[in-house]
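In: sharing a model prediction with you, sequence too.
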Protein chains: 2
Amino acid sequence: MSLDAVLSKLDADLDQAVTRLQEFLRIPSISTDPAYKSDVADAARWLVQDLSSIGVTATAHQTPGHPMVVGHGGDSGRSLLFYGHYDVQPIDPLELWDRDPFDPVVEDGPNGKVIRGRGTADDKGQLMTFVEACRAWKAVHGTLPARQTFLFEGEEESGSPSLVPFLEQNRDLLSADLGLICDTGLYDPQTPAITTMLRGLLGEEVTIEGPSKDLHSGAFGGPAMNPIRVLAKVLAGLHDAQGRVTVPGFYDDVEEISDEVARQWDALDFDAESFLGAVGLSHPAGEADRSALQQIWARPTCEVNGIKGGYAGAGFKTVLPSRASAKISFRLVAAQDPLKIREAFRAMVRDAMPPDCTVSFHDHGAAPASRMDISDPAFEAARQALSAEWPKPAAYVGAGGSIPVAGHMQKILGIDSMLIGFGRSDDQIHSPNEKYDMDSFHRGMRSWARILAAIA
Amino acid sequence: MSLDAVLSKLDADLDQAVTRLQEFLRIPSISTDPAYKSDVADAARWLVQDLSSIGVTATAHQTPGHPMVVGHGGDSGRSLLFYGHYDVQPIDPLELWDRDPFDPVVEDGPNGKVIRGRGTADDKGQLMTFVEACRAWKAVHGTLPARQTFLFEGEEESGSPSLVPFLEQNRDLLSADLGLICDTGLYDPQTPAITTMLRGLLGEEVTIEGPSKDLHSGAFGGPAMNPIRVLAKVLAGLHDAQGRVTVPGFYDDVEEISDEVARQWDALDFDAESFLGAVGLSHPAGEADRSALQQIWARPTCEVNGIKGGYAGAGFKTVLPSRASAKISFRLVAAQDPLKIREAFRAMVRDAMPPDCTVSFHDHGAAPASRMDISDPAFEAARQALSAEWPKPAAYVGAGGSIPVAGHMQKILGIDSMLIGFGRSDDQIHSPNEKYDMDSFHRGMRSWARILAAIA
């Protein structure tokens, strides 16, 4: 039978697939840092070549930022658009890595072999599970199982500034019936998941300026306004005592999950204690009246992702700084409008400025939350295909992280997406020592072969 | 007359004095940054050699930190202890300097010639005014005017960790009747000043830790505690709506200035508008019911000097950080006890920690405020000597900045000090493009010659 031959081919060629992934991971494609611009372009070129090697016609399309890689292959069957991203997060603090983040190796971990390095789980290792499934299919059958478009983005970790214009300008190039996105995780190591609810993301950078230059805190401390103090007050005011976000109108478009969804989630038997315990925490810190799982999957949040101001190096400097800044992100749910929330947030911060302080904002992207329509029979077919590969049946779940492309594909291309990925909660994505389990990589590619066989 | 010969010698040798100062300034003696440790030692050696060249027996005494340079010269007259510091502030942000901070040049400024570079005004240029006065006196008279001890510190810009133990262990070596300290400013470009009230300084670094590692703000945002949020709340709570510091007991030992001092200060006709206007500000931001001059000279403050946490580089990283920290300084007045305030501050911060957050503190020094007893006739003699050199009569003033050594010399060596310096409000000390006016340098050395003649 044809699927079995493809699965056998994937098993037989696993070592070569790992070697290809390592080559891809060695390219330090950090999109948010301009110093790595040419490396991001190298990673795009690598993908174009790799797609070409399996008969996919691929091009790295230039954008004002990093390239979009688009490929087409297959000539019959359902029209599918697969999305992954080839850029990665920064690597600081570098001193917390046990080895070079861009020299990935396969190591023994406590739960089996893992490949360790930046981008292994987010998202190079994941996107390659799909490419490897296609490669094996092509080797066995001489063609791909469906009419497939591949879209690989190089700006996912830096707010995707080029994504919306690119989708808008290339509707025909990217037209498809259904999206496939591989940038999410398993529910647990035995239970695969199809993510059907995704939080949106609004990224803002706030810079407050006071004195025209850094001052001596002795000579000016007292009468001179300190921008760090003003910034601290703004940030401290973003949540109330119950952990709710105070931006006016923030909860206006938030909807409660249905009783049916609530029942499904209860059945997952989520263990908040061990989820938090794994990262040294014990108390859910979000909205006081919500479970930890609801806080992540179904409730919006506001977090400060970075702050700087004054002298923060070794020793002490009695400076009264001229400016202070913070990076702030909002995770959004349901029908929350990122642009409306951005305006409400900015107005709130502007209103908080005392005399002699000015505030400026830098936009780091805005994407609404999205929910998929699972009445398309492909969803249930994929869920059963996944269930055949893994120890436990696949579940429909929510996701705390943002995969903004899912919403953009709904809005601009008019298609829902199946979000299927094989990451695990201990993958340390965005942190030092990121890894991807070899079991995820291997079963992941087998899962895609099964899914393609089921829905193509 | 002997003083006139010394003044003439200072005038004649001014160019050589500038060349010596430039050589001294080229040594990047940044004490707070361990990377410059050997440069600080080089600056100490330079001073030992320069003192030797004027017949002063000098030694660089090792400490657990940077060296203390101590020299002795002169064999009759009043016993004086002169203090200056040869370390300098860090130079960041380097991009705001118009030229290399350690390649000082004499330039034309809007108000005459200046020498520009790190340490020109704080404090290398100032301490050299005294050394040059002694050099000229020695050249003219073959000896120094008084029994003089020189004490040059290399840790003033990094909290003076070795100063107190060194004073305590070397009481005999440093014994004197009166201290002279050159690390303050003119009242205005025409009016010299003797500073008789100095604010103390307490430096604290607060580090708040939450999750055991940096987290993805999508996967954990909501239930995971964010240390930046906790730090912001702590900092925002340090002042009340009237600008008063909220640390319990903070104002217990603060005394009001006397009516007589208040009258003297009113007579100075301090122009708050132009003082703040020079740094781009217009509203005194301190305690609502105090004048700007009182806020600086007579009232205690709390300032955040630096803050960091999470990702603050280019672009955006949706990290939920494991830690955040801030450097905080308190300026103290009157009888405020720095150790009592440190404990009250730390207790207040500890009490503010939510579950899952721990706080640690790093001590960056503590020195009480000090006030000098101006009934010693040397003060009035010095005030008249200064008045003879400058366009306007000298004034007794307060100082917002801390010169902790003045308090330590009172407490440990039992002597009051005359704080006389020639800095100006536009010197940009602790900031990019620091400078020292040639008029300050030249009249400064002439002033010391006059003062030594008057009090020796």
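Out: The structure has been received and is ready for your questions. All values derive from a computational prediction rather than experimental measurement. Numbers count the residues shown, from 1 in each chain, chains lettered A, B, ... in the order given.
In: please, where are all the helices along the stretch 151-300 of chain A?
Out: A:163-169, A:217-220, A:227-236, A:259-267, A:272-277, A:292-297 (DSSP state H, counting those that start in this stretch).
In: pull the distance from the fifth one to the chain's centre.
Out: It stands for helix A:272-277. 22 Å (CA atoms, centre = their mean, to the nearest Å).
In: from start to finish, how long is stretch A:275-292 in a straight line?
Out: 9 Å (CA to CA, to the nearest Å).
In: pull out the buried residues from that stretch.
Out: Residues of stretch A:275-292 classed as buried by neighbour count (16 or more other CB atoms under 10 Å in any protein chain shown): A:275-276, A:279-281, A:284-287, A:290-292. For the C-beta atoms, the positions are set from N, CA and C on the backbone; glycine is no exception.
In: what's the spacing between A:V333 and chain B?
Out: Going from A:V333 to chain B by CB to the nearest CB, to the nearest Å gives 11 Å.
In: wait, doesn't that residue sit right on A:D252?
Out: No: A:V333 is not in contact with A:D252 according to CB atoms under 8 Å; the separation is 12.0 Å.
In: which of those two has more neighbours?
Out: A count of neighbours by other CB atoms under 10 Å in any protein chain shown puts A:V333 above the other of A:V333 and A:D252, at 25 against 12.
In: up against chain B, what does the stretch 1-150 of chain A have?
Out: A:31-34, A:89-90, A:92-93, A:96 (CB under 8 Å from any CB of the partner chain).
In: quick one: the strands in the stretch 1-150 of chain A, in order.
Out: A:57-61, A:68-73, A:79-85, A:105-109, A:112-116, A:147-153 (DSSP state E, counting those that start in this stretch).
In: for the last one, name the packing helices and strands.
Out: Using 3 or more CB pairs under 8 Å, 6 or more residues apart in numbering or on different chains; DSSP states H and E as the contact criterion, the neighbours of strand A:147-153 among helices and strands are helix A:37-52, strand A:68-73, strand A:79-85, helix A:125-141.
In: arrange the ones you listed in TSV, one row each, with mean neighbour count and mean pLDDT as further columns.
Out: Below are these laid out as TSV (neighbours: other CB atoms under 10 Å in any protein chain shown; pLDDT from 0 to 100):
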stretch	mean neighbour count	mean pLDDT
helix A:37-52	19	98
strand A:68-73	22	98
strand A:79-85	24	98
helix A:125-141	24	98
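In: would you mind giving these as JSON lines with distance to B:L80 added?
Out: As requested, the helices and strands packed on strand A:147-153 are exported to JSON lines (distance: least, CB to CB, whole Å):
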{"stretch": "helix A:37-52", "distance to B:L80": "62"}
{"stretch": "strand A:68-73", "distance to B:L80": "75"}
{"stretch": "strand A:79-85", "distance to B:L80": "71"}
{"stretch": "helix A:125-141", "distance to B:L80": "73"}
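In: of all the ones you listed, which lies closest to B:M372?
Out: helix A:37-52 (59.9 Å; CB to CB).
In: dump the closest one to PDB, restricted to CA.
Out: Extracted in PDB, the C-alpha atoms of helix A:37-52 (Å, rounded to 0.1, in the frame of the first residue of the first chain):
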ATOM      1  CA  LYS A  37      20.200  40.000   7.600                       C
ATOM      2  CA  SER A  38      22.400  38.100   5.200                       C
ATOM      3  CA  ASP A  39      22.100  34.900   7.200                       C
ATOM      4  CA  VAL A  40      18.300  35.100   6.900                       C
ATOM      5  CA  ALA A  41      18.700  35.400   3.200                       C
ATOM      6  CA  ASP A  42      21.000  32.400   3.200                       C
ATOM      7  CA  ALA A  43      18.400  30.400   5.000                       C
ATOM      8  CA  ALA A  44      15.800  31.400   2.300                       C
ATOM      9  CA  ARG A  45      18.200  30.200  -0.400                       C
ATOM     10  CA  TRP A  46      18.800  27.000   1.400                       C
ATOM     11  CA  LEU A  47      15.000  26.300   1.300                       C
ATOM     12  CA  VAL A  48      14.700  27.200  -2.400                       C
ATOM     13  CA  GLN A  49      17.400  24.700  -3.200                       C
ATOM     14  CA  ASP A  50      16.000  22.000  -0.900                       C
ATOM     15  CA  LEU A  51      12.500  22.400  -2.400                       C
ATOM     16  CA  SER A  52      13.900  22.200  -5.900                       C
END
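In: so of the helices of the stretch 151-300 of chain A, which one's packed in deepest?
Out: helix A:217-220 (a mean of 26; mean count of other CB atoms under 10 Å in any protein chain shown).
In: can you list the helices and strands that that one packs against?
Out: strand A:319-320, strand B:301-310, strand B:323-332.
In: same thing but 7 Å
Out: Judged by 3 or more CB pairs under 7 Å, 6 or more residues apart in numbering or on different chains; DSSP states H and E, helix A:217-220 is in contact with strand A:319-320.
In: on that earlier part again, tell me which of the residues of the stretch 1-150 of chain A next to chain B is nearest to chain B?
Out: A:T32 (2.9 Å; CB to the nearest CB).
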